[in-house]
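J.: take a look and give me a structure for this.
(chains A and B)
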Amino acid sequence: MIPGKYRSVSGRSANNVNCGLHLVIQTSSLPEKNKVEFKFNRDSPSFPGRLLQHDLERNYSSRQGDHINLVSSSMPSFPILQRSSEEKILYSDRLTLERQKLTVCPIIDGEEHLRLLNFQHNFITRIQNISNLQRLIFLDLYDNQIEEISGLSTLRSLRVLLLGKNRIKKISNLENLINLDVLDLHGNQITKIENVNHLCDLRVLNLARNLLSHVDNLNGLDSLTELNLRHNQITFVRDVDNLPSLQRLFLSFNNISSFDSVSCLADSTSLSDITFDGNPIAQESWYKHTVLQNMTQLRQLDMKRVTEEERRMASVVAKKEEEKKRESQKQSLLKEKKRLTINNVARHWDLQQRVANNATNQDRKDSASPPQDPCQTEGSTTSPFPEDTGAVDSGITSALQGLSVIDTHLVEVDGDTLSLYGSGALESLDRNWSVQTAGMITTVSFTFIEFDEIVQVLPKLKIKFPNSLHLKFKETNLVMLQQFNALAQLRRMDQLTVDPQGNPVVNFTLWKYYVLFRLSHFSMQKINGTEVTQNDMIMAERLFGILAHVASSELPQYRLISILGDARKKQFRYLLETKGKKPGIVNEENNDSKRLVGENTNRATLNYTTREFYNEKLEDIKEKKKFCKMYIEDLMKEATEVNMKNEALQKLWPQMFIELVRDAVIEIRNKNSYMKLCLQQITDQK
Amino acid sequence: MLSPERLAQPDYEYLAQRHVLTYMEDAVYQLLENREDISQYGIARFFTEYFNSVCQGTHILFREFSFIQATPHNRASFLRAFWRCFRTVGKNGDLLTMREYHCLLQLLCPDFPLELTQKAARIVLMDDAMDCLMSFSDFLFAFQIQFYYSEFLDSVAAIYQDLLLGKNPNTVIVPTSSSGLHRQRPALGEAGVPEGVEASLFYQCLENLCDRHKYSCPPLALVKEILSGVQRLTFYGFLGTLSKHPGINQALGALPDKGDLMQDPAMDEELERLLAQVPGLAPAVTATPEPGCPPSRTPPRVGSPWRPLHHPRKVDTESDGSTEETDESET
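T.: Next up is the predicted model:
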């Protein structure tokens, strides 16, 4: 039987074999069984096909009534085939020896114009004895035991060679079959495609169910339209773009896992039908659209028509993937840069801290106040001697300067969070933020920035990011409870997070209560992630309520005004500095302060002045106090002088008084002379 | 008034002894600082308020350390203020570290030096394990003597050092910056050497000290009492006993007795009123003053000299004070 694959589409059942370009092999209803006769016994009309003994001796012997025409002794073992002349005339060009239990190819005598030869379903191990059939066009050896392609070198007209289901290990000995149109080698043990490059007329090549691990060496097959490679172990495919006519390629049930391994397919313009089912690649999520995107010429994929819709989707998805890839690349680059910057900032911060520690230790040693404790150098690792400290200190400052000026800070906006790393980042608050971006920010996070610097920037924050509800501090050197006072000037705060790293204040037992107390007007919801309970609020008030009371009601009037005025003045001054003296600002300030009605007034005096400002203030105070001292001294001198004079007068007065009285009495002792004296005095006066 | 002793004393000395000049200077300084505001309600009123606050001990609130340290009265007022403000912390039973106490001190005085707090902590902890937690009362009493008698204590430390080294105790001793006690600590532990110094010798030196120097010293009688009870004593042992002695506390007059430390009924009442005003976690209290009143309108109260004599005028914190007229204008 001719394998069904090669039946023509039209299904005609004509029995002729065309020798034209278009080979049509029809279904044959060859009543093959009855047509073959092995001339053993003339008497028996039909031979159902008994198994011949391969035994050499047997061949020589003749059975009862067997009539075997022995050929010349050069081929003594082969049976010779002869057909009756009627059959020869009827089916002159085809011979079917299917299921004849043949183990060897018999010698076929007198059939030189045979065009179709069918040896299906036998046990033939070698192709032999057919060299004389030089007109042969169709040779079918399907389902035999052939181990090697051979004995075909004379069959120059051969067009169809069916060698499926054999034991062939290697493609070879096809050199002369240049007219070959169909080559079927399925179901063999072929490991490599070779020796087919000369078959320029070959249209169909079937290598299914072999042991191929890769596909290449296909050049030269200029007419190949169909290549069947199903059920192999193929991992990559090459050279397919060298097949100018290839339309159908079946790669089902192989080992292809990525499109890269079959990338040559994209370059093939002729491919319209391809199958990949049963490969690992077909399980991937991106399989379909990758294939469609890369092979725009495809009409069928896995035996299903490719619709326009699918194609469109594929290109859309592919574009998206492309973009995503680009995006993720960009993202990872950005992330890397960010990480490096943060490391840089951290290093900078560490150095700064060390320098600061050295400086404070230096100060402590230099000051002449009560006995210093040399063990106070726990902050630095240097020796306590001033010279050494100085040297290390200068070393550190120069290292500090050595760090690059670029990338010493980082500003990042991530949805609703604004993250600032490094003190340089604070300047970014001056930028023109779009109202939309600024409005979306609800969380502001500060890292590696001195809290004192942050304090100075809080008014800016209030204005530019009015919706910020959550502040986060990490490595910001929060050391005193007092510093939290500075946060009171903000408009609103729902959450506060103070990371223990770099903020020693968190080690205090009372810090949370103090925050709740001082910032009670915010009605905070969470501190460091934990909800604020009513009990917390009460405890905070209980602990510090009296402080507030004392701070407000027991301060003299002028102190209250001065403290409150100080804070206002600072904010006001800041606003003036940055925005210039616009009248609008003054209004804003007033409105703002009116809005502060919400703030518990009794806490308003608890302020925080950053160390810098405080030191400035102290300097200022010193000056003023000096003046006051001088002034008072002057007053005192005056007062003591006056006092002295007073006391002296006190001492002298009795004496003086007595003297005065005595003088007066003496004067008046003589009335007459006194009257004359007085009149004289009066006239003298004129 | 015009007793002979008083008249015998030269003016400068008299003024200096009572620190009159300090307060005058400070008053003038305050005047200078706030002349715009004060000019509104008159200088006489200002001086009244100022000296009232000095009497009541509220003048040291939120002032710089140099002022707080300037006179014994200031120091005592500061101690009292600290006690009043943070008594509640003690009452709550929290044990805090030295740093945290220092933080609380800084709330009242931003530039309070760390050394003083450290020294006070050493007295409590007997110079051991400086990170230990301390109770409020222990710390407060130790801090009291450290702060109030700081110069005295420094001299005592120097004397102690010299006695340890066996130097002549009757020479003039000037505290230098190098006599850090820590260096000598290993010496105390030496085998065979009795700890500390002899009490009687120590007392003699202290007596000399108190006679010679003009800064405030604890009453000698009490010191004698302490030292007569023991043979030998260490420096911190001495200070510890000093801090816990109720007589010293009473002599200072700033703080109540240890037993009564947590009691302050007037403040407790105030606190209850404040607590009643604590809002739930709902939005902030409205601005309208309630009859239960924001504390700035506390009614006048009779009683202790530490309370304001008449209530201060309601502070208008809503404006920056300069443009609006306050309701009462006094000249």
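J.: could you list the low-pLDDT ranges of chain B?
T.: Scanning chain B with the threshold set as pLDDT under 70 gives B:1-9, B:11, B:167-195, B:214-215, B:278-331.
J.: spatially central residue for it, please.
T.: Nearest to the mean C-alpha position of chain B, by Cα atoms, centre = their mean, lies B:Leu79 at 3.0 Å.
J.: and the gap between that one and A:Thr443?
T.: To A:Thr443, B:Leu79 is 43 Å away according to Cβ to Cβ, to the nearest Å. Placement of C-beta: from N, CA and C, glycine included.
J.: repeat for B:Phe238
T.: On the measure of Cβ to Cβ, B:Phe238 and A:Thr443 end up 55 Å apart.
J.: looking at these two, which one has more neighbours?
T.: Taking other Cβ atoms under 10 Å in any protein chain shown, B:Phe238 and A:Thr443 do not tie; B:Phe238 has more neighbours (23 against 20).
J.: excluding chain neighbours, what is closest to the more buried one?
T.: Leaving aside its chain neighbours, B:Phe238 sits nearest to B:Ile226 (7.2 Å; criterion: Cβ to Cβ, 6 or more residues apart in numbering or on different chains).
J.: make sure A:Glu194 is indeed in a strand.
T.: No. Counting by DSSP: H, G, I helix; E, B strand; the rest coil, A:Glu194 falls outside a strand, being coil.
J.: who's in contact with it?
T.: A:170-172, A:217 (Cβ atoms under 8 Å, 6 or more residues apart in numbering or on different chains).
J.: switch the cut-off to 7 Å
T.: Applying Cβ atoms under 7 Å, 6 or more residues apart in numbering or on different chains to A:Glu194 gives the contacts A:171, A:217.
J.: would you tell me which helix is longest in chain B?
T.: If you go by DSSP state H, chain B has its longest helix at helix B:72-91.
J.: alpha carbons of it, in PDB - could you do that?
T.: Output of helix B:72-91 as PDB, limited to C-alpha atoms (Å, rounded to 0.1, in the frame of the first residue of the first chain):
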ATOM      1  CA  PRO B  72      22.000  80.200  95.100                       C
ATOM      2  CA  HIS B  73      18.500  81.400  94.900                       C
ATOM      3  CA  ASN B  74      18.400  80.700  91.200                       C
ATOM      4  CA  ARG B  75      19.700  77.300  91.700                       C
ATOM      5  CA  ALA B  76      17.200  76.500  94.400                       C
ATOM      6  CA  SER B  77      14.400  77.800  92.200                       C
ATOM      7  CA  PHE B  78      15.600  75.700  89.300                       C
ATOM      8  CA  LEU B  79      15.600  72.600  91.500                       C
ATOM      9  CA  ARG B  80      12.200  73.300  92.600                       C
ATOM     10  CA  ALA B  81      10.900  74.000  89.100                       C
ATOM     11  CA  PHE B  82      12.500  70.700  88.000                       C
ATOM     12  CA  TRP B  83      10.800  68.900  90.800                       C
ATOM     13  CA  ARG B  84       7.400  70.400  90.100                       C
ATOM     14  CA  CYS B  85       7.500  69.800  86.400                       C
ATOM     15  CA  PHE B  86       8.700  66.200  86.400                       C
ATOM     16  CA  ARG B  87       7.400  64.900  89.700                       C
ATOM     17  CA  THR B  88       4.800  63.100  87.600                       C
ATOM     18  CA  VAL B  89       7.500  61.200  85.900                       C
ATOM     19  CA  GLY B  90       8.700  60.000  89.300                       C
ATOM     20  CA  LYS B  91       5.300  59.300  90.400                       C
END
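J.: which other helices and strands contact the next helix or strand after that helix?
T.: For helix B:72-91, the succeeding helix or strand toward the C-terminus, using DSSP states H and E, is helix B:98-108. If you count contacts as 3 or more Cβ pairs under 7 Å, 6 or more residues apart in numbering or on different chains; DSSP states H and E, helix B:98-108 packs onto helix B:72-91, helix B:114-125.
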